[in-house]
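Student: From the sequence below, what's the structure:
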Amino acid sequence: MMNMRKIGFYTLLLSFFVLTNCSKNSDDDSSQKVDKTLNLQATGDSANDILSNDKYTKLLIEIGYVTGFKPTTESITNFTEFLKEHTFKEDIEIIYKELVSPEKDSLSLNEIADLETTNRTQYNSGETLAIYIYFSDAPAEDDDEEEGLVTLGAVYRNTSMIIHEATVRSLSAQSFFITDADIETATLNHEFGHLFGLVDLGSPEVNPHEDSDSENHCDVEGCLMRAELQFGGPSNKGLIASSSTTNTGTIESACSLSGKTILSLLSNKNAKGAATVSLDDECILDLQANGGR
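Tutor: Here you go, the predicted structure:
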C-alpha cells in the first residue's frame, strides 16, 4: 500500500514538472513570435503596406504620450479621417499608453529611438500593421526658439514618428485663432505623408513634382507636402519632417520645416474658414499608383 502511495506521489510530481516546463516553453515561443525587424526599416519602406490591403488589412496605432501631453481628441479624429481618405484601411485602432517623462531638456532622434525601444509594445502581426507615435514633453535638441526654428515632429523609420507636443503647444499659444489640434493635425498628416512614401520616398512620382530645392517635398503650391512656402523651404531650418539612418547607426534628419511658417499657413487657411492643409493632385496620383485611394 505504501509503495502504491509513493508511486502515485512521484507520478503527480513528474506531471507537475512536465506541465510547468511546457508552460515555460509556451511562453518562450510566444515571445519569440514578435519580429520587430519589420518595423525597423527606412522611412517610406512600408508605403504600399500602409496604403493598400494586399498584406495588412488593419492599422494599429500606438500613441505613447508623456503624462500631461496627450494629443487632442480632435486632432486624432482628423488624423484618422486623413488615413481613411488616402488608404484602404477601414479598420484603424488607436491605443494610448501613458508614459513617465524622460526628464530631458531636449531630445535627439537617437534618444527618441531609444525611448521607442523601451516603451513600444505593438509590432506587425498577422494582417495588422503597427505604427508608433510618441508625444514628447521635450523639444528637439537643435531648436532655436529665438529664431523661430523649432521642430514639431519627425518620422525616422517606416512605422515610427515623434511629435514634440510641448513645442506644438508653445507655438499654438502665439495665435488667438490656431489651436493645438490644428497644429497637431497638420504635423501628423505631413509626417504620415512621408510614411505614405511621399515624395519619392517609397511611392514613385507619376509625374515629376519633387521640389528641386527641398528633397522629398512637393513643388505644387498649396500642397500639404510642399516645403518652400508652407514649411520654410530651402533654408533647411526648423521643423524636422523625416530622417534616414547612416551606416554608423546615427539617425539623421532628411529635411527641415519651419514652425513659424506652418503657423502662418494655418492662419491663412483659418481666415478662409478651415485651418487644414490637404494633399495636391500630384501627391494623390502617387498614392493611388502605389495602392492608395
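
Student: From the opening residue of stretch 52-72 to its closing one, how far?
Tutor: End-to-end distance for stretch 52-72, by C-alpha to C-alpha, to the nearest Å: 27 Å.

Student: Sketch out the strands for the stretch 1-150 of the chain, chain order is fine.
Tutor: 58-66, 91-99, 128-135 (DSSP state E, counting those that start in this stretch).

Student: between the very next helix or strand once past the last one and strand 128-135, how many degrees?
Tutor: Per DSSP states H and E, strand 128-135 leads on to strand 153-157 as the next helix or strand towards the C-terminus. Interaxial angle of strand 153-157 relative to strand 128-135 (axes from the mean of the first three to the mean of the last three C-alpha atoms, to 10 degrees): 140 degrees.

Student: Tell me the backbone dihedrals of D286, please.
Tutor: In terms of degrees, to the nearest 10, the main-chain angles of D286 are phi -60, psi -40.

Student: Begin at 588 from now on, thanks
Tutor: New numbering, starting at 588: the last item is D873.

Student: Quick one, grab the pLDDT at it.
Tutor: pLDDT, D873: 98.

Student: try L758
Tutor: pLDDT recorded at L758 is 86.

Student: Would you tell me which of the strands of the stretch 588-737 of the chain gets closest to V864?
Tutor: strand 715-722 (18.9 Å; C-beta to C-beta). Bear in mind the C-beta positions are built from the backbone N, C-alpha and C, glycine included.

Student: how distant is the closest one from the center of its chain?
Tutor: Relative to its chain's centre, strand 715-722 lies at 6 Å (C-alpha atoms, centre = their mean, to the nearest Å).

Student: how close does A768 get to A634?
Tutor: According to C-beta to C-beta, to the nearest Å, A768 and A634 sit 26 Å apart.

Student: Which one's more surrounded, the two?
Tutor: A634 (24 against 20; other C-beta atoms under 10 Å).

Student: quick one: the helices in the stretch 688-837 of the chain?
Tutor: With DSSP state H, counting those that start in this stretch, the ranges of helices along the stretch 688-837 of the chain come out as 696-706, 752-759, 767-782.

Student: out of those, deepest packed?
Tutor: Comparing the helices of the stretch 688-837 of the chain by mean neighbour count (mean count of other C-beta atoms under 10 Å), helix 767-782 ranks first with a mean of 25.

Student: tell me the angle it makes with strand 715-722.
Tutor: 130 degrees.

Student: what sits up against stretch 781-800?
Tutor: Residues outside stretch 781-800 that contact it (C-beta atoms under 8 Å, 6 or more residues apart in numbering): 630-635, 637-638, 673-674, 718, 742, 745-746, 748, 803-807, 812-815, 820-821, 828-829, 866-867, 869-870, 872-874, 876-877, 879.

Student: Can you select the buried ones from those in ChimeraX?
Tutor: Of those, the buried ones go into a single ChimeraX selection, burial set by 16 or more other C-beta atoms under 10 Å:
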select :630,631,632,633,634,635,637,638,673,674,718,742,745,746,748,803,804,805,806,807,812,813,814,815,820,828,829,866,867,869,870,872,873,874,877,879
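
Student: still on that earlier bit, highest mean neighbour count out of the strands of the stretch 588-737 of the chain?
Tutor: Most buried among the strands of the stretch 588-737 of the chain, given mean count of other C-beta under 10 Å as the contact rule, is strand 715-722, at a mean of 22.

Student: pLDDT (mean, whole number) over that one?
Tutor: Taken as a whole, strand 715-722 has an average pLDDT of 98.

Student: CA-only coordinates of that strand in CSV, if you can.
Tutor: Extracted in CSV, the C-alpha atoms of strand 715-722 (Å, rounded to 0.1, in the frame of the first residue of the first chain):
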residue,chain,number,x,y,z
THR,A,715,-2.2,44.1,-38.6
LEU,A,716,0.4,46.8,-39.4
ALA,A,717,1.5,48.7,-36.3
ILE,A,718,2.5,52.3,-36.1
TYR,A,719,4.2,54.0,-33.1
ILE,A,720,3.8,57.7,-32.4
TYR,A,721,5.5,59.3,-29.3
PHE,A,722,4.2,62.6,-27.9
